[in-house]
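Visitor: here is my input; please provide its structure:
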Amino acid sequence: MPEYKVGTQEKFEAARQELLAEEKALTRRGDELARKRRELPWVPVEKDYGFETEDGTKSLAGLFDGRSQLLVYHFMFGPPYEAGCPVCSSIADTLDPQVIHLKARDVTLICSSRAPLDKLLAYRERMGWSFDWVSTVGSDFHRDLGFLHSEEELRPFLAGEIPPTVSQMAEATGTDVLGYVTEGPGLSVYALSDGTVYRTYVTTARGLEPAMAYYGLLDRTPMGRHEEGEETHWLRRHDEYGKA
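Guide: Numbers count the residues shown, from 1 in each chain. Here you go, the predicted model:
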């Protein structure tokens, strides 16, 4: 356990009220950022992307499934992978039960990866998810958003000391380091208006934390995330915890 101080209930309540004021300020700041996010200019998607789905090949507009808004999680599962990225898998655990609630607000949520569709669907069955998952085989969809990197672009990173967590994740997905880091995670958002698809938002890295509910909960525990100095990442696929 970390170092801690012991106090009375009265001291706790006083300190808690001070913290609560800061938490409320942060919430209001979050509301302001959400408003600015919604006010970003919409960019027409002019490229003709194709996606392999369980119902055949679809365009980007076809993925909206009758709704006017589309959330796409770019799941790291490249063609050479044997299994999905464990971190992306933990995010999918959070996303899957939200699909029904988002539909009620005119939003379709799907995942998109570059691996062949049969690989994706087999992994989805293993994980027990039900969201729609599409394959972008032959499409530049991930590349155009910055979620796919070439070997030349990665050369400076590959020439340096590879972090143990990267090697760990590469091994967990059944590929090498280059094969693993070629892919990148991300979230992209679209609107369909008068037959035109617009891109309205894109994020990656810590911008994905709202979809990582466990971090928000860990931030409220005495030990927090407790990741400092760890040589390997603690996250596992949900069916792998407790295994040697």
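
Visitor: what strand or helix carries C111?
Guide: Applying DSSP states H and E as the criterion places C111 in strand 107-113.

Visitor: may I have the helix or strand that that strand is followed by as PDB, with CA atoms only?
Guide: Using DSSP H and E, the helix or strand that directly follows strand 107-113 along the chain is helix 117-127. Written as PDB, here are the backbone C-alpha positions of helix 117-127 (Å, rounded to 0.1, in the frame of the first residue of the first chain):
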ATOM      1  CA  LEU A 117     -13.500 -10.700 -41.300                       C
ATOM      2  CA  ASP A 118     -13.400 -14.400 -40.400                       C
ATOM      3  CA  LYS A 119     -10.600 -13.800 -37.900                       C
ATOM      4  CA  LEU A 120     -12.400 -10.900 -36.400                       C
ATOM      5  CA  LEU A 121     -15.700 -12.800 -36.000                       C
ATOM      6  CA  ALA A 122     -14.000 -15.800 -34.500                       C
ATOM      7  CA  TYR A 123     -12.200 -13.600 -31.900                       C
ATOM      8  CA  ARG A 124     -15.500 -11.800 -31.200                       C
ATOM      9  CA  GLU A 125     -17.200 -15.100 -30.400                       C
ATOM     10  CA  ARG A 126     -14.300 -16.100 -28.100                       C
ATOM     11  CA  MET A 127     -14.700 -12.800 -26.200                       C
END
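
Visitor: what helices or strands is helix 117-127 leaning on?
Guide: The contact analysis (3 or more C-beta pairs under 8 Å, 6 or more residues apart in numbering; DSSP states H and E) places helix 117-127 against helix 86-95, strand 132-135. Heads up, the C-betas are built off the backbone N, CA and C, glycines and all.

Visitor: quick one: distance of it to the chain centre.
Guide: Offset of helix 117-127 from its chain centre (C-alpha atoms, centre = their mean, to the nearest Å): 17 Å.

Visitor: just stretch 160-176 next, same as before
Guide: Worked out by C-alpha atoms, centre = their mean, stretch 160-176 lies 19 Å from the chain centre.

Visitor: picking up where we left off before, what lines up beside the strand holding C111 in the sheet?
Guide: strand 69-74 (parallel), strand 132-135 (parallel) (DSSP bridges).

Visitor: these into CSV, with extra columns for distance to R29?
Guide: Converted to CSV, the strands paired with strand 107-113 look like this (distance: least, C-beta to C-beta, whole Å):
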stretch, distance to R29
strand 69-74, 23
strand 132-135, 34
